[in-house]
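In: sharing a sequence plus its predicted fold:
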Amino acid sequence: MKSYWNTIGGLSQLQEWQPNCWIQVTCPTEDDQHELEERFGIPDYFITDISDTDERARYEYDDGWMLIILRIPYVKEVRSRTPYTTVPLGIIHKRDVTITVCYYETNMMIDFVSYQQRRGVGFTDYVDMIFRLFYSSAVWYLKRLKQINSLIDKAKRNLDQNVNNESLISLSRLQDSLTYFQTSIRGNETLLSKLKFKLQIDELDADLIEDVNIEMTQARETTNIYADILESTMDTYSSIINNNMNTVMRTLTSVTIIMMFPTLIASFFGMNLINGMETMPYGFILALALSVMVSGVVWWVLRHKRLV
């Protein structure tokens, strides 16, 4: 899906391409890709690189074309292996052509367009637009991190009531998501530091870059804090599970020891030998009483040592 946006004096949608407008491409089809390559002469591997989910944040130049790949947050289905992950957003520019390409429909880009329309100012140039995309990505990282923190708190409350595998699995999924966030945010920060020296920056851009740096740093530090909390939580509850397992095994072992003595007594008196008990009228009751007494003594000893 392609959208054309006029970026001068506010963000307004156009029916067709005009010089210096912004072309927003979301979930492009093969026809969209061919049109971009044939109409504007974009290097074919640019689109291929953007379509790679694992493509790192970077920039490159080819025949006057500039490609910037930014990692932005993306939410999958809640029950997926990694509910929160990151995807590449490609920014392509040459002279009067500025294109963004993303193979996923993200809330960040929807909000970016909506916010710029409410802002009613537009972009001073393509550099301003690039850094505002950086800023928006940092803001959305923080939003997703708040959601992850809420899920961590919910999982911790569930674990306080009942330690089960499902809760630990959900924490493991969030840990994977935080790993993706950590890697992507660091990549975006490195890319930003390089672009500051590659693009023509004016005073307004410098102020915007400073804001982006602040948001990126906050997102990185918040991600690290949540990752540490999550790792500590998982270690704690893994220890609880091991401790519960040890308690169960200790109890079963104690029960086995207690039941061993009646079995041993019954084996002695049940041997096919003359032991004097076969002629006693109360032999069975005596053996039973002896078994109960020995088992009681063993139970008291184990109880005294807090083994049961």
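Out: Noted; the coordinates are in hand. Numbers count the residues shown, from 1 in each chain.
In: can you pull the contacts of residue 197?
Out: With Cβ atoms under 8 Å, 6 or more residues apart in numbering as the criterion, no residue contacts residue 197. Using the backbone N, CA and C atoms, a C-beta is placed for each residue, glycine as well.
In: which element is it on?
Out: Using DSSP states H and E, residue 197 falls within helix 165-198.
In: report the rounded mean pLDDT for that helix.
Out: For helix 165-198, the mean per-residue pLDDT is 88.
In: what separation do you get for the residue most central in space within the chain and residue 44?
Out: Closest to where the C-alpha atoms of the chain average out (Cα atoms, centre = their mean) is residue 177, at 1.3 Å. Look at residue 177 and residue 44: by Cβ to Cβ, to the nearest Å, they are 33 Å apart.
In: likewise for residue 193?
Out: From residue 193 to residue 44 the distance is 29 Å (Cβ to Cβ).
In: same check, this time on residue 59
Out: From residue 59 to residue 44 the distance is 18 Å (Cβ to Cβ).
In: so for those two, which sits in the more crowded spot?
Out: Using other Cβ atoms under 10 Å, the more surrounded residue of residue 59 and residue 44 is residue 59, with 16 against 12.
In: for that one, which three-state class applies?
Out: Following DSSP: H, G, I helix; E, B strand; the rest coil, we place residue 59 in the strand state.
In: quick one: list the elements packing against the lengthiest helix in the chain.
Out: Selection of the longest helix in the chain by residue count, based on DSSP state H, yields helix 203-269. Applying 3 or more Cβ pairs under 8 Å, 6 or more residues apart in numbering; DSSP states H and E, we find helix 203-269 packed against helix 126-161, helix 165-198, helix 283-304.
In: turn the ones you listed into CSV, including distance to residue 19.
Out: Formatted as CSV, those follow (distance: least, Cβ to Cβ, whole Å):
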stretch, distance to residue 19
helix 126-161, 12
helix 165-198, 23
helix 283-304, 87
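In: residue 219: which of these is closest?
Out: Nearest to residue 219 among these is helix 126-161 (4.1 Å), distances taken as Cβ to Cβ.
In: residue 87 falls within a strand, correct?
Out: Yes - assessed by three-state DSSP, residue 87 belongs to a strand.
In: OK, contacts around it?
Out: Taking Cβ under 8 Å, 6+ apart as the test, what residue 87 contacts is 53, 71-72, 74, 102-104, 106.
In: show the model's pLDDT score for it.
Out: pLDDT, read off for residue 87, is 95.
In: and it, how far from residue 145?
Out: 17 Å.
In: what about residue 140, neighbour count?
Out: Residue 140: 21 neighbours (other Cβ under 10 Å).
In: cool, residue 233 as well?
Out: Neighbour count of residue 233, defined by other Cβ under 10 Å: 19.
In: so it sits against residue 156, correct?
Out: Yes - Residue 233 is within contact range of residue 156, at 6.0 Å (criterion: Cβ atoms under 8 Å).
In: so what's the residue nearest to residue 40 when sequence neighbours are not counted bridging to?
Out: Distances taken as Cβ to Cβ, 6 or more residues apart in numbering place residue 97 nearest to residue 40, at 5.5 Å, with adjacent residues excluded. Beta bridges link residue 97 to residue 94, judged by DSSP bridges.
In: ok, residue 97 to residue 22 distance?
Out: 10 Å.
In: between those two, which is the more surrounded one?
Out: residue 22 (23 against 20).
In: quick one: contacts for residue 225?
Out: Contacts of residue 225 (Cβ under 8 Å, 6+ apart): none.
In: read off the pLDDT value for it.
Out: Confidence score, pLDDT, at residue 225: 94.
In: ok, it to residue 98 distance?
Out: Where residue 98 is concerned, residue 225 sits at a distance of 36 Å (Cβ to Cβ).
In: now the helix holding residue 197, how far from the chain's geometric center?
Out: Distance, stretch centre to chain centre, for helix 165-198: 8 Å (Cα atoms, centre = their mean, to the nearest Å).
In: same question for stretch 249-266.
Out: Centroid displacement of stretch 249-266 relative to its chain, using Cα atoms, centre = their mean, is 48 Å.
In: helices or strands next to whichever strand or helix holds residue 3 in the packing?
Out: Using DSSP H and E, residue 3 sits in strand 2-6. For strand 2-6, the elements it packs on are strand 12-14, strand 22-26, judged by 3+ Cβ pairs under 8 Å, 6+ apart.
In: mean pLDDT for those strands: which is lowest?
Out: Looking at those, the bottom one is strand 12-14 with a mean of 87.
In: for that strand, which strands pair with it and how are they oriented?
Out: strand 2-6 (antiparallel).
In: what angle separates the strand it pairs with from helix 126-161?
Out: Inter-element angle recorded for strand 2-6 and helix 126-161: 120 degrees (by axes from the mean of the first three to the mean of the last three Cα atoms, to 10 degrees).
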